[in-house]
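Participant: quick one, structure for this:
(2 chains)
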Amino acid sequence: MEHYETFNRVYDTTRDALLKWLLPRIRSSADVEDIMQETYRKLYRKLCKHGSVREPEKYVFGIAKKELAKFYRRRAFIQNSEVPIPDQLLDEEPDPEDIILDREREREIWELIHAEPLLSYQAFTLYYGFSVPTDEIAKELNLSEDAVRKRLSRTRARIRKFLSEQNDDVSDAE
Amino acid sequence: MKEHEAYKAVINHQIVNDDSIKRYARTTAPVKSFSASRVWKPIGISFAALVLAFGITMTIPAARAEVLSWFRPASTEDYIAASPKDRDTIPEIDEMIVSPSQNQTDIKVNYCADEPYWREIGQDFSATLGETIYDGQIILVTIDFDGLSGYAIYDGVWNLDISAGTPVPSLLAEKIAPEMITDSLRTDTTPYLSGARELWSEPNNALILTLDDGTELDPELFSGFINPVDRPVDEAFFRSFPNVFLPDSYYYRELEYLNTEDAEAIKAGSWEHYKANGLRAIAYIPLTKAEISEIRLNNDQTLADYIDKNGSLTLHVRYVVSIDHGDESETKLDVDLGTIAVMMNAYKELEQHSFETHSVSVALSGDVVFGGEDIRSNTIANYSTKLDGLTFEVIDRGYIDLLGIHGLKIAVTMPDNWSKEMKDVFFDYLDFEIYLDEEMKYYTDESADFNALWEANIRRYFPSTPISCWNDYLDNGISIYTCDVLNQIPFDRIPSIHSITLVPVFSQIEDYEISYYDEDQDETHTEQVPFGPNDSFNFSEYRYPGSPYDFQYGICLRRCYEFAFTVKVN
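Facilitator: Below is the predicted model of the structure:
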């Protein structure tokens, strides 16, 4: 039980940082979850064996790096090249009306985000999910800051289009 | 909820399942643990499915299975495996080869375990670096090991026939304590975890590479391994045992047909055999063009920066043998072998014959049943539907040279009325059978494991995983299927190839099987369930970390000759 509490504490304090680190390096959230599973399994094992872990964040990242390297061995490592995004998507639109989320809507929006080109998906997830500033995202993904903003804008436009179509459907149904 | 708040909520709720991660860690870490079920993602075909389809249980140690996944028996490999005096010369391929005199053997034993067998392997260690060649995807290096120096590369006798409870480990294998078992096997591991049966770990080898200026390449990103080469003297040795079944390539699982007595005799005999004859091997160093030019090393350069003006790359090679006990690895041998030079650009000089790709397309129609595993939802499903709207179109400009077919890309447009799940499964499992001049049949495949299951005199593979199967930058729903059949075709056929015919291959789930080990009865119970054209089955409750069940399914392939299409070669 004691290990469980320590484990939960370490998990809660390292989870976001680990996700932020993994996201630019892996495309699929299923693969991200696989690596996190293995990483935290080894952490828990260590806690069971030794009772405690010195510098747990360092330890967690150390394992995650090894797991990531194993993952790379099964994948071709190909960086994505930047794709120019049409200028009309640069225009910032005002926020839409408040969005109402239920489980189904969450899943639909997530699928849209996940279906975006790799760099757009990574940029969007880091920016909105983990509040990483655009200049840091640019460095992480090897893009210009302008390119990051364009990708965020394009993904936002897609989601808004989807939401507005959903609202039209609801209105028609009514 | 404001827009940015909604996005944050969506991402944090959907990106990973925190409860699942925590549960997995707690239930698998202390005693037994499995790799996540997604480790064996299907590459064209589910590995487990083929195992079931052919009724063979694969029980290869995880490290070895990973090694095999890199191995591609190939014409270039056959060419370099034979010594120059024993092969028919192909001048164009010889231009790509660096001769042994330009490589520098310089042996230094950094470490050798002070244990039986290892001591003998390490003392008087002697090997000679031979030829090197690079084909655009992999560096091959021949190495001749003297006496017992290469014994750890010889596969020995693996832990065979585990299901019958008669493991036969090699001389160098070490038993894994039950509490250390962490890798998943394609069978129920309960007997090993309880100590009722034994699990052994075989040695695995790796090559550590260093550049001329001392920069060591990260072994997790750049490494290689060594495999033995088939030789008549070794084959004669194995065939001398009366109960051994040896198809053409005996370095794979064919040794499973041994009985225990023969296995012990082979083990003892192999030690003396290799002591007297040494071992010839090939080192494989996978290195794609992208890895050369895009991965930044610790000093912020790329490998491309180290290729000199003559196109040569110099690598120092260190050979390391280790044995894994679960998550922990123990080094047994560490030897500097010397320096190799590799011609990195010579393969580009080969004469190319391009395809005619314009207006090569086919539109399919009619009824179909296809199916497979959707790894996103832990479901297997068959779909009975219509093909109308499905098209294949050959795009881009590929070519053929002496190394094989390059860049054959097929754009796959799927019908609009197919659901996302159908499209994902269809594309995951879609393959093409390749005919050259409508006479020969070649597939491509990343895993040489499949080779062992097919007739030895026909090289059959499945087409390689598409480079881009996520519709990146394609807004119109087209997926690209890429086929690079390198080193798969005998050299003497290539100059005369005038056409490539592609036959789509669809998959369908035939049945599934759930088994579990009854410890009291010491036997495995199995339930086999047939699978219909519109069936689906969620196997989450059978395949999860710590599950006492083993879940597998069988797939049958349908070659659609009626939809074959042909590309002319110039």
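Participant: wouldn't residue B:550 be in contact with residue B:516 here?
Facilitator: Yes: with contact defined as C-beta atoms under 8 Å, residue B:550 reaches residue B:516; the gap is 7.0 Å. Using the backbone N, CA and C atoms, a C-beta is placed for each residue, glycine as well.
Participant: looking at those two, which is more packed in?
Facilitator: residue B:550 (22 against 17; other C-beta atoms under 10 Å in any protein chain shown).
Participant: the helix or strand harbouring that one pairs with which strands?
Facilitator: Using DSSP states H and E, residue B:550 sits within strand B:549-559. According to DSSP bridges, strand B:549-559 has the following sheet partners: strand B:499-518 (antiparallel).
Participant: and the strand it pairs with, what's its mean pLDDT?
Facilitator: Strand B:499-518 shows a mean pLDDT of 81 in the predicted model.
Participant: in it, what counts as buried?
Facilitator: The neighbour-count check on strand B:499-518 (16 or more other C-beta atoms under 10 Å in any protein chain shown) flags B:500-512, B:514-517 as buried.
Participant: what's the next secondary structure element after that strand?
Facilitator: The first helix or strand that comes after strand B:499-518 along the chain, using DSSP H and E, is strand B:523-530.
Participant: check residue B:342 and give its pLDDT.
Facilitator: With respect to pLDDT, residue B:342 has a value of 96.
Participant: and it, what helix or strand is that in?
Facilitator: Residue B:342 belongs to strand B:328-343, assigned by DSSP H and E.
Participant: which other helices and strands contact the very next helix or strand once past that strand?
Facilitator: Towards the C-terminus, the helix or strand next in line after strand B:328-343, according to DSSP H and E, is strand B:353-356. Strand B:353-356 sits against strand B:399-401, strand B:565-569, with contacts defined as 3 or more C-beta pairs under 8 Å, 6 or more residues apart in numbering or on different chains; DSSP states H and E.
Participant: and strand B:353-356, what's buried?
Facilitator: Here strand B:353-356 shows residue B:355 as buried, counting by 16+ other C-beta under 10 Å.
Participant: then stretch A:157-164?
Facilitator: The neighbour-count check on stretch A:157-164 (16+ other C-beta under 10 Å) flags A:158-159, A:163 as buried.
Participant: go through those residues and say which is closest to chain B.
Facilitator: Relative to chain B, the closest of the buried residues of stretch A:157-164 is residue A:159; by C-beta to the nearest C-beta it sits at 7.8 Å.
Participant: ok, the closest one touching residue A:109?
Facilitator: Yes: with contact defined as C-beta under 8 Å, residue A:159 and residue A:109 form a contacting pair (6.0 Å).
Participant: residues shared between the contacts of these two?
Facilitator: Common contacts of residue A:159 and residue A:109 (C-beta atoms under 8 Å, 6 or more residues apart in numbering or on different chains): residue B:7.
Participant: helices along the stretch 151-300 of chain B, start to end?
Facilitator: Assigned by DSSP state H, counting those that start in this stretch, the helices in the stretch 151-300 of chain B fall at B:190-193, B:232-239, B:260-277, B:289-294.
Participant: determine which stretch of those is the most buried.
Facilitator: Among the helices of the stretch 151-300 of chain B, ranked by average contacts under mean count of other C-beta atoms under 10 Å in any protein chain shown, first place goes to helix B:190-193 (a mean of 18).
Participant: ranges for the helices of chain A?
Facilitator: Using DSSP state H, the helices of chain A run over A:2-22, A:29-50, A:56-73, A:103-115, A:118-124, A:130, A:134-141, A:145-173.
Participant: picking that back up, buried set for the strand holding residue B:550?
Facilitator: For strand B:549-559, by 16+ other C-beta under 10 Å, it's B:549-555.
Participant: just the closest of these to chain A, please.
Facilitator: Among the buried residues of strand B:549-559, residue B:551 lies closest to chain A (C-beta to the nearest C-beta), at 17.9 Å.
Participant: where does chain A have low pLDDT?
Facilitator: Applying pLDDT under 70 to chain A flags residues A:1-3, A:27, A:48-54, A:66, A:69-101, A:167-174.
Participant: before we move on, back to that, which among the helices and strands packed on strand B:353-356 is found nearest to chain A?
Facilitator: Between chain A and the helices and strands packed on strand B:353-356, the shortest separation by C-beta to the nearest C-beta is 20.3 Å, and it involves strand B:399-401.
Participant: what's the mean pLDDT across the closest one?
Facilitator: Average pLDDT, strand B:399-401: 80.
Participant: same check on stretch B:558-570?
Facilitator: 81.
Participant: need the contact partners of it.
Facilitator: Here stretch B:558-570 makes contact (C-beta under 8 Å, 6+ apart) with B:353-357, B:360-362, B:364, B:392, B:394, B:400, B:408, B:433, B:435, B:438, B:497-508.
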